[in-house]
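Visitor: coordinates only, no sequence provided:
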Ligand SMILES: C[S@@+](CC[C@H](N)C(=O)[O-])C[C@H]1O[C@@H](n2cnc3c(N)ncnc32)[C@H](O)[C@@H]1O
């Protein structure tokens, strides 16, 4: 039956290091046809059309209008897409939702824009993925291997950018399907600690930014149970020494989760480097430098713990600077 599957007619460029095939329990997926080395490009892809508005406002009419301007060859490719590999989509909007990526640059504050991608949308999800789309340039998305991918291995992506801070239950609520990756398969030792680690990462980010993932302060059922500590985070009164330890802990937990790939590290490093440079008290500076000279995140953390409870001459001005910055966000 799968010989007649419409995905057999989806055009995958020759140079692309994967082919499409059935993925048990997940419809179809993309499988490596050669070894893909960590950090290397998997594929760059242009959308066949882009709709520039929030997801919640897009209707079937918007998608149909955009589709009208697509060249006939790409229209034919679009019509091969199926809901998770088998049934036809019930609406144009559903087809867009299942096969699109937000191509807006959120760091530059661009409004939502959803592009339809024929091939990257074939990548299934994993909460511990082996590929990543680190940035989007001029609506072109490029995926890279976050670790070595062996021939025959399925290539997967994490569908949600904040899943490193979400427990299994929260992730499945958002995905609306039950992922069975190593962080999701229930009852395994990894899964049991994974939930704990991801919750801790979320708490640590609250302490660092004084706000939750949505940029807002939590009113009830806060991730930070101690009201005094929560208040300190929200008023940016957390001392530098604790900030450094929280940051090192986050790196360590992310690494343990299998999520500290080169892209994640490049994204988080600048803020750690900034924190390291802020220390003014000599003894603290010495401990920080010694910690950063260590080879592994665990060793950096172990040495960094020497700062626990220590005040620094820069504490007050850091608090003032962060409060000022907060006013502009
Ligand atoms: C963008 S499509 C991915 C390609 C799709 N499997 C196909 O056959 O075209 C997303 C859909 O694939 C399925 N899927 C993706 N990752 C999955 C996973 N880890 N476990 C189960 N289903 C998954 C879900 O039905 C999801 O809505």
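Guide: Cool, got the structure. Given the structure is predicted, the values throughout are model-derived calculations rather than measurements. Numbering: from 1, shown residues only.

Visitor: residue 323 reaches residue 235, doesn't it?
Guide: Yes - here residue 323 reaches residue 235: they are 7.3 Å apart, a contact under CB atoms under 8 Å. The C-beta positions use only the backbone N, C-alpha and C, and glycine is treated the same way.

Visitor: quick check: bridge partners of residue 156?
Guide: residue 124 (DSSP bridges).

Visitor: burial count for it?
Guide: 22 (other CB atoms under 10 Å).

Visitor: low-confidence ranges, this protein, go.
Guide: Residues of the chain meeting the criterion pLDDT under 70: 1-3, 328-329.

Visitor: what sits against the residue nearest to residue 302 when sequence neighbours are not counted?
Guide: The shortest distance from residue 302 to any non-neighbouring residue, by CB to CB, 6 or more residues apart in numbering, is to residue 294 (7.7 Å). Going by CB atoms under 8 Å, 6 or more residues apart in numbering, residue 294 touches 300, 302, 303.

Visitor: for residue 294, what are phi and psi?
Guide: Backbone torsions for residue 294, taken as degrees, to the nearest 10, come to phi -70, psi 160.

Visitor: if we can go back for a sec, dump the contacts of residue 294 into TSV; add neighbour count, distance to the ligand and secondary structure as well.
Guide: What follows is those, written out as TSV (neighbours: other CB atoms under 10 Å; distance: CB to the nearest ligand atom, whole Å; DSSP: H, G, I helix; E, B strand; the rest coil):
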residue	neighbour count	distance to the ligand	secondary structure
300	22	33	helix
302	14	35	helix
303	17	38	helix
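
Visitor: tell me which of these is nearest to residue 85?
Guide: residue 300 (44.1 Å; CB to CB).

Visitor: need the contact list for that closest one.
Guide: 248, 251, 291, 292, 294.

Visitor: so which of those residues belong to helices?
Guide: Using DSSP state H, the members of those that fall within helices are 248, 251, 291, 292.

Visitor: what subset of those residues is buried?
Guide: Buried members of the ones in helices among the contacts of residue 300, scored by 16 or more other CB atoms under 10 Å, are 248, 251, 291.

Visitor: surely the first one and residue 302 touch.
Guide: The reference is to residue 248. No - with contact defined as CB under 8 Å, residue 248 does not reach residue 302; the gap is 9.2 Å.

Visitor: to what extent is the nearest residue to residue 40 once chain neighbours are set aside buried, counted in neighbours?
Guide: Once flanking residues are discounted, residue 40 sits nearest to residue 145: 5.6 Å by CB to CB, 6+ apart. By other CB under 10 Å, 23 other residues sit near residue 145.

Visitor: ok so, going back, now, which of the contacts of residue 300 sits nearest the ligand?
Guide: residue 251 (26.1 Å; CB to the nearest ligand atom).

Visitor: pull up the gap between the closest one and residue 107, please.
Guide: Using CB to CB, to the nearest Å, residue 251 is found at 21 Å from residue 107.

Visitor: got phi/psi on the nearest residue to residue 86 once chain neighbours are set aside?
Guide: With CB to CB, 6+ apart as the criterion, residue 86 has its nearest non-adjacent residue at 6.5 Å, and that residue is residue 27. Here is the backbone geometry of residue 27 (degrees, to the nearest 10): phi 80, psi -130.

Visitor: any idea how far the ligand is from residue 27?
Guide: Distance, residue 27 to the ligand, by CB to the nearest ligand atom, to the nearest Å: 3 Å.

Visitor: ok, residue 265 next?
Guide: With CB to the nearest ligand atom as the criterion, residue 265 and the ligand are 25 Å apart.

Visitor: helix or strand: which one has that residue?
Guide: Per DSSP states H and E: residue 265 is located in helix 262-278.

Visitor: what sits up against that helix?
Guide: Where contact means CB under 8 Å, 6+ apart, the residues beyond helix 262-278 that reach it are 38-39, 132, 134, 144, 146, 164, 240, 243-244, 247-248, 250-251, 254, 288-289, 292, 312, 314, 318.

Visitor: over to stretch 153-165?
Guide: Contacts for stretch 153-165 (CB under 8 Å, 6+ apart): 18, 23, 29-32, 36, 42, 120, 123-133, 143, 145, 149, 166, 171, 174-175, 181, 198-199, 201-202, 205, 213, 254, 257, 259, 264.

Visitor: ok, back up a step: could the contacts of residue 300 be laid out in JSON lines, adding distance to residue 95?
Guide: Shown next, in JSON lines, are these (distance: CB to CB, whole Å):
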{"residue": "248", "distance to residue 95": "44"}
{"residue": "251", "distance to residue 95": "39"}
{"residue": "291", "distance to residue 95": "51"}
{"residue": "292", "distance to residue 95": "49"}
{"residue": "294", "distance to residue 95": "50"}
